[in-house]
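> Sequence isn't available, so here's the structure alone:
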């Protein structure tokens, strides 16, 4: 009712007029009976009405102050995400400390015994956080570019107070993790539990970080809500690192000596599987239920999950998946790209074989990777061994059977990518992707290829050619993500579709991965670093629905189950929950995804 009243001025005016008439009618009736309603109202106003009004006014003023500070820092957002100067050196020094082995006494109330050691966490507010726990042997020395190896069983005691090192990665201007220590010894995870222990095993939430397979990690503050255990009191939260870039996705098969490194092509995915196995084997020690693992991934993390869902080695490692913007067919179909990356790495480092590459220092390889940034095409390959070559056919044939999904689609993700990687990398990426898309359509849908070229030319009349191409790319990728949901449904999976249509505070910073991640994790402070503010109503609603998803319940809210929110009945695909700053509604969205309508035939196969 409140939302309806606020839609139009005439509704607001009519409602106000009716309330005034009712009030004066009540005053007149009360006066004729000898009762002073005005005195009663004044008394109630002082003690009942004024405090909520003052609190509301304070919260509104605080929100406007935060928005003002964000706008002062970011302006129109043209320069992308800015973290230099926002992070205090004292905080960075604390963040970059390392865990040590404990040889003396320790607090048993903060300790958890696993198969690979005893880990002592740290209590913060209502949570106990365990950070930097290794889940595999460090991939250093002779284990560089080798598949992750399990840790031996151990009775040793270790600190788990400090975050593990981030993976070696590209330091983009818009990446917050360029301020965090990096190492090849990066295969660690962080676990958050409620400080009040329970005998009942709780569902587990495992988060796969984003970052285009070249940057990102578990140290990103977006993953740490202001109070995760209050949002998800019955959940054990986990996030982990995995190898990236030339350390995680490269093919040495044509390099002399490369036959010793057959797994280098998809090492990052193998790391992810190793992390899930460690969690499956040890999470019960933290109060988690190993049979109730839900995974959540954003961007490249989402793409990883879409692949692992059909991976035989990952079978049974998770039960439910929230995939925000990840299409498995937007990976490499052949190892050619990864082989070319290996050749460029040899050229940049002036090496000729694996023996020479293995002797290079971590810093030398990192520097080479940084110089290759514009040419760096890194990510998983559908090799037909670890990962099916045709993911859609695999889905249709039930390769992901037994997993329930939420598939998320944003309406303005491209600007977030640009804000992270910068103008030059963004321009190069968009141009290459559009060329690839048009080539694919030429071979399979000639009429659509012609329509795409015409659309880009038409849009370029009122915007730059780059913007026109980016607009087309986002529409095509969105359709592909929708098609992922379509094929999972065809294979018998229960799939829910989420369409994020919330406007960004600053248009040039976009709205998608960053905002959705912060919304689900309750990361108010972190999302302000990224130039936006958290919408509490949207956050509370989606968090409630996600808790229901974790529990296997129907995704349904009754009127005022969340105060002021209308009833929501989130139905399965092809219906989608459309989220905007004004409302939640559930309806089909296929026709909203592209302005090139002949591309919709792409969805009919």
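In hand now; what should we look at? Because the structure is predicted, anything quoted here is derived from the model rather than measured.
> going forward, measure contacts and count neighbours with C-alpha atoms only.
Fine.
> Which parts of the stretch 251-400 of the chain are strands?
Assigned by DSSP state E, counting those that start in this stretch, the stretch 251-400 of the chain shows strands spanning 288-298, 320-324.
> looking at these, which is closest to residue 25?
Across those, residue 25 has its closest neighbour in strand 320-324 (54.0 Å, C-alpha to C-alpha).
> so who does residue 394 touch?
Residue 394 makes contacts with 310, 388, 400, as judged by C-alpha atoms under 8 Å, 6 or more residues apart in numbering.
> related to what we said a few turns ago, take the strands of the stretch 251-400 of the chain and write them to a markdown table, including distance to residue 122 and mean neighbour count.
As requested, the strands of the stretch 251-400 of the chain are arranged in a markdown table below (distance: least, C-alpha to C-alpha, whole Å; neighbours: other C-alpha atoms under 10 Å):
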| stretch | distance to residue 122 | mean neighbour count |
| --- | --- | --- |
| strand 288-298 | 18 | 23 |
| strand 320-324 | 29 | 27 |
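> Columns distance to residue 427 on top of these, output as a markdown table?
Shown next, in a markdown table, are the strands of the stretch 251-400 of the chain (distance: least, C-alpha to C-alpha, whole Å):
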| stretch | distance to residue 427 |
| --- | --- |
| strand 288-298 | 22 |
| strand 320-324 | 23 |
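> Show me the one of the ones you listed that comes nearest residue 94.
When those are compared (using C-alpha to C-alpha), the closest one is strand 288-298, at 27.1 Å.
> Next, the angle from the closest one to strand 320-324.
20 degrees (axes from the mean of the first three to the mean of the last three C-alpha atoms, to 10 degrees).
> Need the residues that contact strand 288-298.
With contact meaning C-alpha under 8 Å, 6+ apart, strand 288-298 is reached by 201-210, 235-236, 279-281, 283-284, 302-305, 317-326, 513, 517, 550.
> Which members of these are classed as buried?
Neighbour counting by 16 or more other C-alpha atoms under 10 Å classes 201-210, 235-236, 279-280, 283-284, 302-305, 317-326, 513, 517, 550 among those as buried.
> So which of those are in helices?
279, 280, 302, 303, 304, 305, 513, 517, 550 (DSSP state H).
> Can you tell me which of those residues is closest to residue 363?
Of all those, residue 363 sits closest to residue 304, with 26.9 Å by C-alpha to C-alpha.
> Any figure for the gap between the closest one and residue 39?
66 Å (C-alpha to C-alpha, to the nearest Å).
> got it, and residue 184?
Distance from residue 184 to residue 39, counting by C-alpha to C-alpha: 73 Å.
> again, but for residue 210
Residue 210 is 60 Å from residue 39, where distance means C-alpha to C-alpha.
> Touching, residue 528 and residue 70? I think so.
Yes: if you go by C-alpha atoms under 8 Å, residue 528 and residue 70 touch, sitting 6.9 Å apart.
> now the stretch 151-300 of the chain, which segments are flagged as low pLDDT?
225-226 (pLDDT under 70).
> Could you pull out the helices in it for me?
Listed in chain order, the helices of the stretch 151-300 of the chain (DSSP state H, counting those that start in this stretch) span 228-231, 245-248, 267-282, 300-308.
> can I get the ones you listed in a markdown table with distance to residue 438?
As requested, the helices of the stretch 151-300 of the chain are exported to a markdown table (distance: least, C-alpha to C-alpha, whole Å):
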| stretch | distance to residue 438 |
| --- | --- |
| helix 228-231 | 44 |
| helix 245-248 | 26 |
| helix 267-282 | 29 |
| helix 300-308 | 22 |
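> And the chain, split by domain according to the record?
When the chain is parsed with automatic domain parsing, its domains come out as 2-71, 88-603.
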